[in-house]
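# have a look at this prediction, sequence included:
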Amino acid sequence: MIELFRIAVRNVLKRKKRAALTMLGVFIGITAVVALISLGQGLQQTINEQFEKVGADKIIIQAKEAGFTGQFAAGKMTEREAELTAKVQGVKNTAGYLFRSTTLQYNKIQRAVYISSIPDKPKEADLIWQFLTAEIEDGRKISHNDKLKANIGYDLAHKKTFQKNIQIGDKIKAGNYTLEVVGSFLRTGDPTFDTGIVVPEDTVRLIVGDNTSFSMVVAQAAPTFDPETVAERIKKEIRSDRHQKERKEDFTVQTSTQLIESFNSVFLIIQVVFVGIAAISLVVGGVGIMNTMYTSVLERTREIGVMKAIGARNKDILTLFIIESGLLGLAGGIIGVLLGTGLSTAVSFGANSAFGPNTINAAYPPALIIGALLFSLITGTLSGVLPARRASKLKPVEALRDE
Amino acid sequence: MKPIIELKNVWKTYRLGETNVHALQGINLRVEQGEFIAIQGPSGSGKSTAMNLVGCLDTPTRGDVYLDGKNISAMSESDLAQIRGRKIGFIFQKFNLIETLTALENVTLPMTFQGIPEEERLARATALLKQFGLGERLDHRPNQLSGGQQQRVAIARALAIDPPVILADEPTGNLDSKTGKEVMEFLREMHKHHGKTIVLVTHDDILATRADKIAFLKDGQIINTKKVGGNHK
């Protein structure tokens, strides 16, 4: 067996150019998959870490966006609903949150940005800060009694969005109101937040001209309560207040754990699609290997005859050819894994230097590496079965006669 | 004496399109242990077919072939491979070395198929190649060796498993006369001093006379068998 392995290696190495071309089919697919999945996993990790910071006790109540009729008005929660939520058994704390778009003017340039609200009661403000997970880099956080003050996202302070960076103490104009910048945030990785501003709730209401509604209500479950049970209770309360039937609600109530689960399930689908593409490309690669092996059997007919004459049994020849095609597959896989990890490392390095640290950190789970190698080995081996069978079944007399 | 090879009323028929071609038509042949026999005949006489049967590379359409008392006529390909590997050393006209392997590896290969341990394989192959003056060429590939050297590697390979029978098919056909002579010398020596049974297949009259016995083949039949007693010239 070891000896056959050695011979197989020699045979593959002897036809280097052909082996390389054959492997191309395998390693392109493996490269793509390893790169995409390691980047995807990296992104997933970053986002999951953010969810962890939000905390498992948070419950988010928001309207289903747009709704079936396409009415935008559907996307709102009311102050009354925030109050109803606060009364539900097991709810420790509740806060309303506004997330709207507005125009922002600075350095004589005007742009559309997102604006987030911080409630004016300290306890509620705390909850929204927890929910936002944003941390101050420069200056200070806006506090509950601030008026017409703003915190700005990382990009506004660093990316020259308005051709120059906004500084602490600068005046910016949101809608028709002039605000003073009192602090800027560290990067969060959420582009709408990093390019947006955070303003006290009263000020947001002035700017967007909305006195009653919230984009979402954030609730915090009390420590002894299961957030999911509490979420169900909130859902029931608002449903009856809106006179809606079960499963026909136009709003959703999700714990942060449920949010991350639904997010992860989307990621799973994406990964399954990637693996599907990989499978297709590997089938193509496998056909390439099969083709090469059939050619090899034809070319080496005489050699097969000689080996049989000097005592090789059918299974020896079979094993030899299967090892050879398995090697082609595995070698393709190894190159693919190296190129794929290299590619995703380069992409995450590029993204991190272009958009700031931790934009995306490629992850290389061992299962991905081992899986990719195993997959390419199996592809190679299976592709070799038919050609190897043909080789092993050659009659020695006919094989020796071959010129 | 017990024959090591015996062909009894052996027929080999090939189908060529609509017609049956009888390559061998009821051949009877006895090769005694330790005998040096030449199978001689013009091309198309069926001598290659006969060699294939003697070498257990093929089975007859009709009749029986015995090797060392065993009837191989109905054996499976894998059993035949085992028997070939143990009992017969092949020397081909075109050397038929494996191009990707070194001289040493070519010689160890038949032992590999017999499951002989690596240490023993290497020791024996090295000794054989040294014996044939190729001690300096162990790691050379066939394409780095001359024709004569290649044939010597092939002979070493044929002897690797120390088989009782050596089957040489036009062994000097691709060699110059001097190297050809060396090969024939060697076959005689194997026969004389090591007691090997040699089956030499050739179309060459002079070469055939180096054997103890010649079987003339023509049109698929043995038309004459004569003792020549080994011409040493």
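Done, it's in.
# only C-alpha atoms, please: export the helix or strand where residue A:235 lies in CSV.
Per DSSP states H and E: residue A:235 is located in helix A:227-242. Taking C-alpha atoms only, helix A:227-242 is exported to CSV below (Å, rounded to 0.1, in the frame of the first residue of the first chain):
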residue,chain,number,x,y,z
PRO,A,227,-37.5,37.0,28.3
GLU,A,228,-39.4,34.8,25.8
THR,A,229,-42.4,34.4,28.2
VAL,A,230,-42.4,38.1,28.8
ALA,A,231,-42.2,38.8,25.1
GLU,A,232,-45.3,36.6,24.5
ARG,A,233,-47.2,38.6,27.2
ILE,A,234,-46.3,41.9,25.6
LYS,A,235,-47.4,40.5,22.2
LYS,A,236,-50.8,39.5,23.7
GLU,A,237,-51.2,42.9,25.3
ILE,A,238,-50.5,45.0,22.2
ARG,A,239,-52.5,42.5,20.0
SER,A,240,-55.7,43.0,22.1
ASP,A,241,-55.1,46.8,22.2
ARG,A,242,-54.8,46.8,18.4
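# other residues contacting that helix?
A:56-59, A:61, A:80-81, A:84-85, A:87-91, A:219, A:221-222, A:245-246, A:249-251, A:253-258 (C-beta atoms under 8 Å, 6 or more residues apart in numbering or on different chains). All C-beta spots, glycine's among them, are computed from the backbone N, C-alpha and C.
# now the helices for chain B?
B:47-54, B:77-87, B:103-113, B:118-131, B:147-159, B:177-194, B:205-208 (DSSP state H).
# quickly, which of those bottoms out on average pLDDT?
Of all the helices of chain B, the minimum mean pLDDT falls on helix B:205-208 (a mean of 84).
# and that one, what does it pack against?
Applying 3 or more C-beta pairs under 8 Å, 6 or more residues apart in numbering or on different chains; DSSP states H and E, we find helix B:205-208 packed against strand B:36-40, strand B:197-202.
# name the residue of chain B that lies nearest to chain A.
residue B:85 (2.1 Å; C-beta to the nearest C-beta).
# next structured bit after the one helix or strand residue A:181 maps to?
Using DSSP H and E, the element containing residue A:181 is strand A:177-185. Reading on from strand A:177-185 to the C-terminus, the next helix or strand found by DSSP H and E is helix A:191-194.
# centre of the chain versus the helix or strand following that following helix, how much separation?
Going down the chain from helix A:191-194, the next helix or strand is strand A:197-200, by DSSP H and E. Relative to its parent chain, strand A:197-200 has a centroid offset of 28 Å by C-alpha atoms, centre = their mean, to the nearest Å.
# tell me which element the closest residue to residue A:364 other than its chain neighbours is part of?
Using C-beta to C-beta, 6 or more residues apart in numbering or on different chains and skipping residues adjacent in sequence, the residue nearest residue A:364 is residue A:38, 5.3 Å away. Taking DSSP H and E as the criterion, residue A:38 maps to helix A:16-54.
# who's in contact with the nearest residue to residue A:373 once chain neighbours are set aside?
Distances taken as C-beta to C-beta, 6+ apart place residue A:333 nearest to residue A:373, at 4.8 Å, with adjacent residues excluded. Neighbour list for residue A:333: A:26-27, A:30, A:372-373, A:375-377, A:380 [criterion: C-beta under 8 Å, 6+ apart].
# kind regards, and thank you for your time.
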